[in-house]
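# Fold the stuff below for me.
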Amino acid sequence: LDDKDDIVILDVQRFDNYLSKHIPSSINIPLDQLEKRKEELPKNKEIIVTCYSESSCKLSTKAAETLLSLGFDNIKDFKDGVTSWEEQNYPTVSGQEVTYKNINTEQLKEIIDSQEDITILDIRNQEDYIDSHIKGAIHIPFEQIAEKIKELPRNEELIIYDKTGHRSKLIVEMLTEKGFTQAINLIDGFTQWQNSNYPTE
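Numbers count the residues shown, from 1 in each chain. All right, here's what the predicted structure looks like:
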């Protein structure tokens, strides 16, 4: 986690257990919903699957096997679980955490093509934005979001992206906690958008 920004931690506990305690920045898709919600996961990132404890983490092994069968090929199973993580004095999150939404590049392209009323926000640095960005995206660098939050729309879908989907996830979490109920993270980032040859300017 300290060295990479192109990984996803997938917690496959039941949602109520996930809210009780989970690794920060992990996303929750319970095992029994995994196949139905597979589009929420990027195929261009390493996915680390976990659950609560070593005894319950047979769930994560089953989830890893399911993901492999669905065509995800960069999967790791963190069998020790959240309890072992906490025993090493690493941070966990608990309580009624606000959940947030993810979207992948294919889904964003479909939304743009349908001409829905959305705002797309690029939070990369100025140089990267000027070089190339998703067509129609506005720009506020990551470091300036907090001071410019009033410039963002609260009443329509706000899709946020960076290079890989890591920093944008943090911004979506922050905005969701502040009442932006339609803030959405582009989970596979601008790199995947470019690799898919989708419109840029």
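# C-alpha from now on. contacts and neighbour counts both.
Fine.
# tally of neighbours for residue 29?
Neighbours of residue 29 under the rule other Cα atoms under 10 Å: 22.
# OK, contacts around it?
Residue 29 makes contacts with 10-15, 37, as judged by Cα atoms under 8 Å, 6 or more residues apart in numbering.
# ok, now residue 73?
43, 67.
# Closest one to residue 63 out of the contacts of residue 29, please.
residue 12 (7.3 Å; Cα to Cα).
# The closest one contacts residue 62, doesn't it?
No. Using Cα atoms under 8 Å as the test, residue 12 is too far from residue 62 to be in contact (9.7 Å).
# Alpha carbons of the lowest-mean-pLDDT helix or strand in the chain, as CSV, please.
Within the chain, confidence by mean pLDDT, DSSP states H and E is lowest for helix 15-20 among all helices and strands, at a mean of 82. The C-alpha coordinates for helix 15-20 follow below in CSV (Å, rounded to 0.1, in the frame of the first residue of the first chain):
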residue,chain,number,x,y,z
PHE,A,15,-21.7,-5.2,4.4
ASP,A,16,-22.6,-5.0,8.1
ASN,A,17,-19.4,-6.8,9.0
TYR,A,18,-17.4,-4.5,6.7
LEU,A,19,-18.9,-1.4,8.4
SER,A,20,-17.8,-2.9,11.7
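# Work out the gap between it and the centre of the chain.
Chain-centre distance of helix 15-20: 18 Å, with Cα atoms, centre = their mean, to the nearest Å.
# Give me the buried positions along it.
18-19 (16 or more other Cα atoms under 10 Å).
# Tell me the helix or strand right after it.
strand 27-28 (DSSP states H and E).
# what's the neighbour count on residue 186?
30.
# Tell me the pLDDT of residue 29.
On pLDDT, residue 29 comes in at 89.
# How about residue 101?
83.
# just residue 122 next, same as before
At residue 122, pLDDT is 98.
# is it true that it touches residue 138?
Yes. Residue 122 lies in contact with residue 138 (Cα under 8 Å); the separation is 6.1 Å.
# how about the helices in the protein?
In the chain, the helices defined using DSSP state H lie at 15-20, 58-69, 81-87, 105-113, 126-131, 167-177, 189-195.
# Any idea which of the ones you listed gets closest to residue 145?
Nearest to residue 145, of the helices of the chain and by Cα to Cα, is helix 167-177 at 7.8 Å.
# now that closest one, how far from the centre of its chain.
9 Å.
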